[in-house]
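Asker: attaching a predicted model along with its sequence, questions to come.
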Amino acid sequence: MQSFFLSLVAFFIAIGVLVTIHEFGHYWVARKMGVKVLRFSIGFGKPLWKKVAGADQTEYVLAAIPLGGYVKMLDEREGDVDPSEIDRSFNRKSVWARIAIVIAGPLANLILAVLLYWLIFIVGITGIAPIVSAPAEATPAALAGFQSEDKIININGKATPTWNTVYVGLLDGIVSGGGNVDVTVNTADGSTITRQLVLAKELLNQEGDVVGSIGLNRWWPDVDPVIGGIVPGGAAAASGLQEGDRILSSDGVSIATWRQLVDIIRASADKTLDLSVMRGESEMAIQLTPALKETPQGDIGFIGARETQSQAVIDEKLRTVERYSPLTALGKAFGRTMDMISVSVKMIGKLLTGQASLKNTVSGPISIAQFAGQSVSVGIDHYLSFIALVSISLGIFNLFPVPMLDGGHLLYYAFEVVTGKQVSEKVQIFGQQIGIALLGTLMIFVFYQDILRLFTS
């Protein structure tokens, strides 16, 4: 329940910030272009708070439905306009002024992403160093020659200090059409080698962990099979296992590492295991029945126990902080934003051409709320990074040439620039109806996918 409320609060804070920035972009440029702004609203529906201020007596509103907002400007098409203020009507401004006002919203979201990444890179964002485990046989990573403890330092010449940057680099390679990707690694013996990874574009239609299916999984230190902690009420607690117990064998098979124990447990859901356990100086027999846990990758066994020995190794070898000087951070922030825009635009192209699965790549409000809660629980740096990513997505989405979105208005204005004539009101009304239908269909689809993920994860 606590995680649910955390996700909800984190989601609404993020949406509130993003909508405010987006609408402020429209508002600020409209004012600069001499357009009278009647209302600046965060949210739709019944006003919860309202203030009238400024020479134009603009209404500033917080409304009941927080999923969006709008800026209402003086416009002859929406009501009578005093003759003395006709020149301040939106519809009376030049097409270039109207383009600037409309594009300012999405542009504000992209600028916000740069500023957030800049702040993150100055303060520092924690991550996991991209050190890989031995890849499974016949995977692309194995065929490319990857070895255990290879540390990925760049992909196609772009630095990859964390696993997140590796994911972006590999995804960019996939959405760019697949094929050969140059991955430079530092090997366990200190050598620097460039391995050529072959990526199939069909990976975009695959469900689950795409990077894992390539064969690139996080390396984790091998530690002793010693119980470091027990979850109350779990299978481990029910069996009588205690902290400090060392697992010697399972069904007569000797166990040397924690990873070996985990693999046996995951493969033994609802099966009783006969364990040999060393407790202090005494060896004893314990029967353990792992509970069944459903995951997107399939059903696994789960006992509610953890090890604690690896933490020191993780802190020393795996944990990393991406931090730069203010000037360098600004360049990195701009580069990160451009990388995310590039990947997003390419992914949209794949979706439109049917080369990527819509259900595997599009998230709705429920999924986004879950991601918000997960990121804020990790740390404020990851939460800000999450907001930056969603801000980029919001900016790009609003540029879609769909009526009701900013991109739809820009499409009308492009027609006006080419022909010298405004799109008729009749055509615009028809376009709005199409836009509402398209956006409504998309919203139903993403909600359905969200609910499906919720009950199958």
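Answerer: Ah, there it is.

Asker: rest of the way, CA atoms for contacts and neighbours
Answerer: Will do.

Asker: where along the stretch 151-300 of the chain do the helices fall?
Answerer: 163-175, 210-214, 235-239, 258-266 (DSSP state H, counting those that start in this stretch).

Asker: need the residues that contact the longest one.
Answerer: The reference is to helix 163-175. By Cα atoms under 8 Å, 6 or more residues apart in numbering, the list of residues contacting helix 163-175 from outside reads 127-130, 152, 154-155, 158-160, 179, 181, 199-201, 203-204, 211, 339-340, 342-343, 346-347, 350.

Asker: the helices of the stretch 151-300 of the chain: which one's closest to Thr328?
Answerer: Of all these, helix 163-175 sits nearest to Thr328, with 17.0 Å by Cα to Cα.

Asker: quick check: mean pLDDT of that closest one?
Answerer: Throughout helix 163-175, pLDDT has a mean value of 87.

Asker: buried residues, it. List them.
Answerer: Buried residues in helix 163-175, defined by neighbour count with 16 or more other Cα atoms under 10 Å: Trp163, Thr165, Val166, Val168, Gly169, Leu170, Leu171, Asp172, Gly173, Ile174, Val175.

Asker: export those residues to TSV and tack on distance to Leu389?
Answerer: Listed next are the buried residues of helix 163-175 as TSV, based on distance: Cα to Cα, whole Å:
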residue	distance to Leu389
Trp163	16
Thr165	13
Val166	16
Val168	12
Gly169	15
Leu170	17
Leu171	15
Asp172	15
Gly173	19
Ile174	19
Val175	18
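
Asker: tell me the one of those residues nearest Tyr413?
Answerer: Val175 (30.6 Å).

Asker: dump the helices of the stretch 151-300 of the chain into CSV; add distance to Leu248 as well.
Answerer: Putting these into CSV (distance: least, Cα to Cα, whole Å) gives the following:
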stretch, distance to Leu248
helix 163-175, 34
helix 210-214, 30
helix 235-239, 15
helix 258-266, 10
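
Asker: what does the host helix or strand of Ile65 rub up against?
Answerer: Following DSSP states H and E, the helix or strand that holds Ile65 is strand 58-73. Under the criterion Cα under 8 Å, 6+ apart, residues 12, 15-16, 19-20, 23, 26-27, 35-53, 89-90 lie in contact with strand 58-73.

Asker: now it: buried residues?
Answerer: For strand 58-73, by 16+ other Cα under 10 Å, it's 58-63, 66, 68-73.

Asker: next helix or strand past it?
Answerer: In N-to-C order, the element after strand 58-73 by DSSP H and E is helix 95-123.

Asker: which positions in that next one come out as buried?
Answerer: 95, 97-123.

Asker: what's the answer for stretch 144-163, then?
Answerer: Buried positions in stretch 144-163, judged by neighbour count with 16+ other Cα under 10 Å: 144, 146-155, 160-163.

Asker: name the nearest of the residues you listed relative to Ala312.
Answerer: For the buried residues of stretch 144-163, the nearest to Ala312 is Glu149 (16.9 Å; Cα to Cα).

Asker: can you tell me the SS state at the residue lying closest to Glu416 once chain neighbours are set aside?
Answerer: Closest residue to Glu416 apart from its sequence neighbours, by Cα to Cα, 6 or more residues apart in numbering: Gln422 at 5.0 Å. The assignment at Gln422 comes out as coil when based on DSSP: H, G, I helix; E, B strand; the rest coil.

Asker: oh, and call the first residue 118 from now on, that's how I've got it
Answerer: Done: numbering now begins at 118, and the last item shifts to Gln539.

Asker: isn't Gln539 up against Leu528?
Answerer: No - using Cα atoms under 8 Å, Gln539 makes no contact with Leu528, being 11.1 Å away.

Asker: more neighbours: which of these two?
Answerer: Between Gln539 and Leu528, counted using other Cα atoms under 10 Å, Leu528 has the larger neighbour count: 18 against 13.

Asker: phi first, then psi, for the nearest residue in space to that one that is not next to it in sequence.
Answerer: With Cα to Cα, 6+ apart as the criterion, Leu528 has its nearest non-adjacent residue at 6.0 Å, and that residue is Pro518. The phi and psi values for Pro518, taken as degrees, to the nearest 10, are phi -80, psi 60.

Asker: for the chain, name the helix or strand with the lowest mean pLDDT.
Answerer: helix 475-478 (a mean of 60; mean pLDDT, DSSP states H and E).

Asker: against Gly552, how distant is the residue nearest to Leu528?
Answerer: The spacing between Pro518 and Gly552, counted by Cα to Cα, to the nearest Å, is 10 Å.

Asker: restricted to strands, list the contacts of strand 175-190.
Answerer: 154-170 (DSSP state E).

Asker: got a ChimeraX select line for the buried ones in those?
Answerer: A single ChimeraX command selects the buried members of the ones in strands among the contacts of strand 175-190 (16+ other Cα under 10 Å):
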select :154,155,156,157,158,159,160,161
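
Asker: wait, Asn226 touches Asn515, no?
Answerer: No - Asn226 lies out of contact with Asn515 (Cα under 8 Å); the separation is 10.0 Å.

Asker: which among the buried residues of strand 175-190 gets closest to Thr309?
Answerer: Gly185 (49.0 Å).

Asker: local confidence estimate at the closest one?
Answerer: pLDDT, Gly185: 85.

Asker: then Glu542?
Answerer: 79.

Asker: which one among the buried residues of helix 280-292 gets closest to Gln428?
Answerer: Closest to Gln428, out of all of the buried residues of helix 280-292 and judged by Cα to Cα, is Trp280, at 18.1 Å.

Asker: can you tell me how far the closest one is from Val212?
Answerer: Going from Trp280 to Val212 by Cα to Cα gives 45 Å.

Asker: ok, now Glu254?
Answerer: Noted for Glu254: a distance of 59 Å to Val212, by Cα to Cα.

Asker: do the same with Arg194
Answerer: Using Cα to Cα, one obtains 16 Å as the distance from Arg194 to Val212.

Asker: now Ser206
Answerer: 13 Å.

Asker: that older thread, tell me the phi and psi of the residue nearest to Glu533?
Answerer: Dihedral angles for Gln539 - degrees, to the nearest 10 - are phi -70, psi 150.

Asker: kindly report the domain assignment for this structure.
Answerer: Domain assignment for the chain by automatic domain parsing gives 214-241+441-574, 244-334+426-439, 346-424.

Asker: low-confidence stretches in the stretch 368-517 of the chain?
Answerer: Low-confidence regions of the stretch 368-517 of the chain, defined by pLDDT under 70, span residues 413-414, 471-484, 486-487.

Asker: now the strands: where do they sit in it?
Answerer: Ranges of strands in the stretch 368-517 of the chain, per DSSP state E, counting those that start in this stretch, are 370-371, 390-396, 399-405, 408-412, 415-419, 422-423, 436-439.
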